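In: please work out how this folds:
(one chain, ligands or ions: 1)
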Amino acid sequence: MSKKPIIVFEGIEGSGKSHHISIVSKYLDKKKINYIKIREPGGNPNSEKIRKLILNNKSDFNKNTDLLLYLAARSENIKTIKKYYKKKIILIDRFTDSTIAYQHYGMGIDIKIINLIHKFLLDNISVSFTFLNLVNKKNLYLRLKKRKKLNRYDKFNMNFYNKVQNGFLKLANLKKNSYHLVNSNLDIKLNEKLILKKIDKLIF
Ligand code: TMP
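Out: Residues are numbered from 1 along each chain as shown. Model (predicted):
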């Protein structure tokens, strides 16, 4: 594996993925290691515009439109990813697995369409390693309740998030060696330590 990997942080709402990616970026900053960080949907001005459109509470798109918008937002990031691929460490808060987990496992869209468009967009780019963050129903409920502002995708029922999380787990099971499961119901400091230990192995 390249020592300038693409490392993705995945998981459902409240699973701690955004916290964990920020721990990793602070760690790399401290070590003065060059990297780029992207979030999806979003990550650059054009994708951020699409993000606002998708997640706005007033939006009422059907699931196919949502899929195409998520992929459109991704398309706007591919140029950046290609530019730095294997040249810099690339950290991504959600990527292709999110589309398969939410739009296929959660919403039932044909996985073949998603895979086909990913192949078209990504070309020869592949994710090196994924931290899959997991949360139980009780903590998911409590963490969503604490959020001051809920977006359009924070308001599904528990059954939906359960299907999505199980979808992520199915993807992780297919490629066990390139996934690290983070149990976000456990002690936060312990998880941070385990993640940084794994990061060391990936980049040094
Ligand atoms: P965020 O809250 O992690 O920024 O993600 C925004 C929402 O978008 C989250 O509910 C997951 C959803 N999403 C999809 O449904 N499909 C995708 O491909 C991506 C990237 C995100």
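In: and Thr80, what helix or strand is that in?
Out: Counting by DSSP states H and E, the element that carries Thr80 is helix 63-84.
In: anything in that helix near the ligand?
Out: Yes. Counting by CB under 6 Å from any ligand atom, the ligand is contacted by helix 63-84 at Tyr70. Heads up, the C-betas are built off the backbone N, CA and C, glycines and all.
In: quick one: distance of the helix-or-strand element of the chain with minimal mean pLDDT to the chain centre.
Out: Across the helices and strands of the chain, mean pLDDT, DSSP states H and E gives its lowest value to helix 137-146, namely a mean of 95. Helix 137-146 has its C-alpha centroid displaced from the chain centroid by 19 Å (CA atoms, centre = their mean, to the nearest Å).
In: ok, residues contacting it?
Out: Helix 137-146 is contacted from outside by 12-15, 135, 150, 154, 158, 161-162, 184-185, using CB atoms under 8 Å, 6 or more residues apart in numbering.
In: hey, C-alpha coordinates of the helix or strand that that helix is followed by in PDB?
Out: Reading on from helix 137-146 to the C-terminus, the next helix or strand found by DSSP H and E is helix 158-174. As requested, the backbone C-alpha atoms of helix 158-174 are provided in PDB (Å, rounded to 0.1, in the frame of the first residue of the first chain):
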ATOM      1  CA  MET A 158     -34.000   4.300  13.400                       C
ATOM      2  CA  ASN A 159     -34.800   1.400  11.100                       C
ATOM      3  CA  PHE A 160     -33.300   3.300   8.200                       C
ATOM      4  CA  TYR A 161     -30.000   4.000  10.000                       C
ATOM      5  CA  ASN A 162     -29.900   0.400  11.100                       C
ATOM      6  CA  LYS A 163     -30.200  -0.800   7.400                       C
ATOM      7  CA  VAL A 164     -27.500   1.700   6.400                       C
ATOM      8  CA  GLN A 165     -25.100   0.600   9.200                       C
ATOM      9  CA  ASN A 166     -25.600  -3.000   8.300                       C
ATOM     10  CA  GLY A 167     -24.900  -2.100   4.700                       C
ATOM     11  CA  PHE A 168     -21.600  -0.500   5.800                       C
ATOM     12  CA  LEU A 169     -20.800  -3.700   7.700                       C
ATOM     13  CA  LYS A 170     -21.400  -5.800   4.600                       C
ATOM     14  CA  LEU A 171     -19.000  -3.700   2.700                       C
ATOM     15  CA  ALA A 172     -16.400  -4.000   5.400                       C
ATOM     16  CA  ASN A 173     -16.800  -7.800   5.500                       C
ATOM     17  CA  LEU A 174     -15.900  -8.000   1.800                       C
END
